[in-house]
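# Quick one, structure for this:
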Amino acid sequence: MGPVQEIIRVPDVARLPLAPATLDGLSNLRGRVLPIISLRRMFGCGEQPHDDSTRALVINLGQPLGFVVDRVASVVSVEPSQIESADAIRSVVAGEYLTGVIKQTGADGKPEMLLTLDFEKLVDGQFAGVGAGRSGYEGNGGAGDTRMDEPADDARDSEELRLVSFAVAGQEYAIDIAAVQEIVQVPERITAVPNAPYHVLGLISLRDRLLPLVSLRSLFGLSDDGLSEQHRIVVVALPDGRQVGLVTDAVKEVMSVPLSQADPMPGILAADHSLDEFSRICRLDDGKRLVSIIATDRLLGLDALQAAADVGDTSAQGPDNKDAAMRDDNEDLSTDDDDIQAVIFRLGAEEFGVPIMSVQEIVRVPEVLTRVPKTPHFVEGVINLRGTVLPVIDQRKRLGLDAIERHEGQRIMVYLLGGLRTGFIVDSVAEVLRIPRAHITQAPALSAEQTRLIQQVAKLDGDKRLVMLIDPRHLLEGQEMAVMRQLGDGADTLAHAA
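Next up, the predicted model:
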């Protein structure tokens, strides 16, 4: 069998952008990321739907690769004397990928010829980056010294607030992004806890830990309106490290707000101690939109949240294992620095992640984008974002994916690239996750551009889910950045047009 490690059924794949067309995508083979390659496309043959006979040959060429074939006819033993050089047929066929010809007698008694392939040459000809990945990498973590949780740009505007906004009973609130651990959907099942405080909805399991849920509607003294698929859980950590999930009606945006647009609470309201959890009010969209900013330290110090965390502790442990559970909690807390927080977004069926601290804002796509002539095909135009001109790029086009019609679920993710704020349109933003580094592995190196942009892959949900981690610092390169700077230079003119 030589370099063939396994013969498997063709698995489901996640498509990897910027990779050669012969790559079907990435799959997970028992916890290991496995690129799946189409031999039909490599040989210029027509496409053929996969059926029960289709298989993938797993071959180790410095890193395991899966090659899709129509079927596996048999496994044969061949004497060296039966293999002839391919030189004789190279004059009539493109034989640079052939190592020889096997002549033998078939099952029907007739002579037949089998061509032997040099898979290493096949890969070198199609995937320029694979050779760079033949270092025998086995462990987890990133490529080189790159850390996915580093900000995309060191520049930080101390005169801005970085916030996550959400809705509760028709009102908009916001919390410091640094306090947010994760943002996840409300599961179908929430376990009720007898005699729990009125504001505690119950418990859920989040990555093998019990998470108590607090209804912000109840906490704010508002009527309960039931749960729907729009509701989101904002996971925060209390001062003692325990986590609590705040149930909101919907998460609206991630945004950067100048301090000049965030006024202290009016004196008459500040004097009302029932509003101590609120520190400022943002005036957005020319004052048409008001967002109440929650003072994180005051909110997380509320007795109500401490009581909710106590519910989780009581449910997770009995009287005999309380000390052990506390030790487990401390151990978990000590590994927080080994996690990354990532915003997960979707392009088609594939999921991608970027470090949360690299995301300046996440906003809706406006109805109108101002087109700019003589720009790259992936530049959709510019918008006016609170008085600042923002160049907007179609993330699908930038990654070589098919364009789609605009829809309500799309969002613009804003990054600070080389000191310039730039927006990228994505199909949807799914959630914010805390990903342990042990679940992150190096992405296969299949092309130079892909290797720069997508260096890591996260394996989630028991390795059933692959999330490709993007390094935002490489979303634009060289000449592309120069073009975006030219758009920024014309900001005053474009702002009036937007």
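# Surely E277 is in contact with L302?
Yes: using Cβ atoms under 8 Å as the test, E277 is close enough to L302 to be in contact (7.0 Å). From N, CA and C alone the C-beta is placed, and that goes for glycine too.
# Mind jotting down where the strands sit in the stretch 1-150 of the chain?
For the stretch 1-150 of the chain, the strands defined by DSSP state E, counting those that start in this stretch occupy 4-9, 23-29, 32-38, 55-60, 64-69, 83-84, 98-105, 111-117.
# Nearest to L399 among these would be which one?
For these, distance to L399 was read as Cβ to Cβ. The smallest value, 13.3 Å, belongs to strand 23-29.
# helices or strands up against the closest one?
Secondary structure elements in contact with strand 23-29, counted by 3 or more Cβ pairs under 8 Å, 6 or more residues apart in numbering; DSSP states H and E, are strand 32-38, strand 64-69, strand 465-470.
# Report the helix or strand with the lowest average pLDDT across the protein.
For the chain, scoring each helix and strand by mean pLDDT, DSSP states H and E identifies helix 322-334 as the least confident one, at a mean of 39.
# Next SSE downstream of it?
strand 339-347 (DSSP states H and E).
# what's the offset of that following strand from the middle of its chain?
Averaging C-alpha coordinates over strand 339-347 and over its chain gives two centres that are 4 Å apart (Cα atoms, centre = their mean, to the nearest Å).
# now swap in stretch 350-368 and tell me
For stretch 350-368, the gap between its own C-alpha mean and the chain's C-alpha mean amounts to 11 Å (Cα atoms, centre = their mean).
# Got the phi and psi for L420?
Main-chain torsions, L420, degrees, to the nearest 10: phi -110, psi 130.
# Next one: V10 from D240, what distance?
With distances defined as Cβ to Cβ, to the nearest Å, the gap from V10 to D240 amounts to 49 Å.
# With neighbour numbers in mind, choose between these two.
Taking other Cβ atoms under 10 Å, V10 and D240 do not tie; V10 has more neighbours (17 against 10).
# pretty sure the more buried one contacts V58?
No: the pair V10 / V58 is not scored as a contact, 11.2 Å apart, by Cβ under 8 Å.
# can you list residues touching both of the two?
Here V10 and V58 have G66 as joint contacts, going by Cβ atoms under 8 Å, 6 or more residues apart in numbering.
# burial count for S358?
By the measure other Cβ under 10 Å, the count of residues near S358 is 23.
# quick one on the thing from earlier: reformat the helices and strands packed on strand 23-29 as a markdown table; add mean neighbour count, distance to R162 and mean pLDDT.
Converted to a markdown table, the helices and strands packed on strand 23-29 look like this (neighbours: other Cβ atoms under 10 Å; distance: least, Cβ to Cβ, whole Å; pLDDT from 0 to 100):
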| stretch | mean neighbour count | distance to R162 | mean pLDDT |
| --- | --- | --- | --- |
| strand 32-38 | 22 | 32 | 91 |
| strand 64-69 | 21 | 41 | 92 |
| strand 465-470 | 22 | 20 | 94 |
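# closest one to S428 among these?
For those, distance to S428 was read as Cβ to Cβ. The smallest value, 13.9 Å, belongs to strand 465-470.
# outside of that closest one, which residues touch it?
Residues from elsewhere that reach strand 465-470, judged by Cβ under 8 Å, 6+ apart: 14, 16-17, 26-28, 33, 148, 342, 344, 350-354, 435, 440, 443, 453-460.
# mind running it again at 7 Å?
Taking contacts as Cβ atoms under 7 Å, 6 or more residues apart in numbering, the residues outside strand 465-470 that touch it are 14, 16, 26, 28, 33, 148, 342, 344, 350-354, 443, 453-454, 456-460.
# Just the buried ones from these?
Burial by neighbour count, judged by 16 or more other Cβ atoms under 10 Å, picks out 14, 16, 26, 28, 33, 148, 342, 344, 350-354, 443, 453-454, 456-460 from the contacts of strand 465-470.
# Now do the helices in the stretch 101-250 of the chain.
Ranges of helices in the stretch 101-250 of the chain, per DSSP state H, counting those that start in this stretch, are 119-126, 216-219.
# Kindly apply the preceding question to the stretch 251-400 of the chain instead.
Ranges of helices in the stretch 251-400 of the chain, per DSSP H, counting those that start in this stretch, are 267-270, 296-300, 303-316, 322-334, 395-398.
# And the residue nearest the centre of the protein?
In the chain, the C-alpha nearest the mean C-alpha coordinate belongs to G353, at 1.9 Å (Cα atoms, centre = their mean).
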